[in-house]
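Asks: I would like the atomic coordinates for the input below:
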Amino acid sequence: MLLLFSCRSSPFDVDISDISIHQKFIRLDQELYHSQINGIQELHEHLTDTYPNAYKEYYENILRIGPIEDSMSVAGLNDMLQQKIWQKVQGQIDSVFLDDAQLRAEFNKAFKYFKYHFPEEKVPDIVAMNTGLNYAIYPIEGQLGIGLEFYLGKEHWITKGLPVENFPNYQKHKMDRDHLLGDALRGYLLSTKQKQIQGRQLINHVIYQGKIMYILNALLPYEDEHLQMGYTEEQLEWCYKNEFNLWRSIIEEDLVYSTNLKQIERFTGFGPFTQGFPKESPGMISLFLGKQIVKDHMEKNEGKKLPELLYKTPDMLILKNYKPNK
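Replies: Take a look at the predicted model:
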């Protein structure tokens, strides 16, 4: 078993029993497919009034039906709701996520941890959707959208039937309920904190992602580390065993301060593995490496708060404390 903080108490072992948050969990998919409202125009107006931001984003930018104010575009919404393939996918979402009480509780708990560490920041509402396999995670201001059809299960017939040219096998293996929470929170943090990247060098991207993963660990202290990162257990084990060699390779290739976009993408981009390393390695290996760099810094600076880490600590100060495990 891999332990992030061996032989010491976790800095994320905090009491959230007195933390109170106001967070809506909106089942937009249910509102669309199982509404008691008669008439597509009436349904459209109801959703526009009830969920103005979430529904507008869904209608215009996820479904791309047209301007939400254009009454002519509502026919496109009606066509979508009548299509057999959309109905079939929604039927499977209904089956897998019939009881969403646990999912609601998990998001609520995670964002209580968020509120504990970032008391000045607002908690987003959760918007569960059927995106037509367009977006697994869709963060927007004040809200976090989840495409439930991406988490039906890796053995589900819909998942297995997706074309590999669009949904490669390494992605399908993660399309299950266990990965939903980690994917959602990681996506939320990475998208909403992008302004905190301190430069254009590889090390800036790695440390930024490391900060995000360290914070994610604080929001999900009870969840397996490989799920937080979107890795398999075997990939995470490979990272721990090869941490020193990974860092040495980056130094020997003179990449630490590289601004070459292709090299940055090599370490920070999605993929079945990291190019130039064995196939046992994960894609987006920067998540692991960055977290290890940040963890070493935080262990040497006990008491530092997460907002200070994210918003005020220079990357080079963090890098100074890094000692890769051999």
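Asks: Enumerate the strands of this protein by residue range, in sequence order.
Replies: 25-27, 125-129, 137-140, 143-147 (DSSP state E).
Asks: lowest-confidence stretch among these?
Replies: Of all the strands of the chain, the minimum mean pLDDT falls on strand 137-140 (a mean of 93).
Asks: tell me how far that strand is from the chain's mean position?
Replies: 9 Å (Cα atoms, centre = their mean, to the nearest Å).
Asks: Run me through the strand neighbours of that strand, direction for each.
Replies: Paired neighbours of strand 137-140 in the sheet (DSSP bridges): strand 143-147 (antiparallel).
Asks: Now do the strand it pairs with against strand 125-129, angle only.
Replies: Relative orientation of strand 143-147 and strand 125-129, computed by axes from the mean of the first three to the mean of the last three Cα atoms, to 10 degrees: 20 degrees.
Asks: can you list the residues that contact strand 143-147?
Replies: With contact meaning Cβ atoms under 8 Å, 6 or more residues apart in numbering, strand 143-147 is reached by 53-54, 57-58, 62, 124-131, 133-139, 180, 184, 187-188. Just so you know, the C-beta spots here come from the backbone N, C-alpha and C atoms, and that holds for glycine as well.
Asks: Distance-wise, check Ile37 relative to Gln30.
Replies: Look at Ile37 and Gln30: by Cβ to Cβ, to the nearest Å, they are 12 Å apart.
Asks: related to what we said a few turns ago, any chance of JSON lines for the strands of the chain, columns distance to Lys304 and mean neighbour count?
Replies: Formatted as JSON lines, the strands of the chain follow (distance: least, Cβ to Cβ, whole Å; neighbours: other Cβ atoms under 10 Å):
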{"stretch": "strand 25-27", "distance to Lys304": "32", "mean neighbour count": "17"}
{"stretch": "strand 125-129", "distance to Lys304": "29", "mean neighbour count": "22"}
{"stretch": "strand 137-140", "distance to Lys304": "26", "mean neighbour count": "20"}
{"stretch": "strand 143-147", "distance to Lys304": "27", "mean neighbour count": "23"}
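Asks: need those strands in JSON lines with distance to Asp13, can you?
Replies: Below are the strands of the chain laid out as JSON lines (distance: least, Cβ to Cβ, whole Å):
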{"stretch": "strand 25-27", "distance to Asp13": "26"}
{"stretch": "strand 125-129", "distance to Asp13": "25"}
{"stretch": "strand 137-140", "distance to Asp13": "27"}
{"stretch": "strand 143-147", "distance to Asp13": "25"}
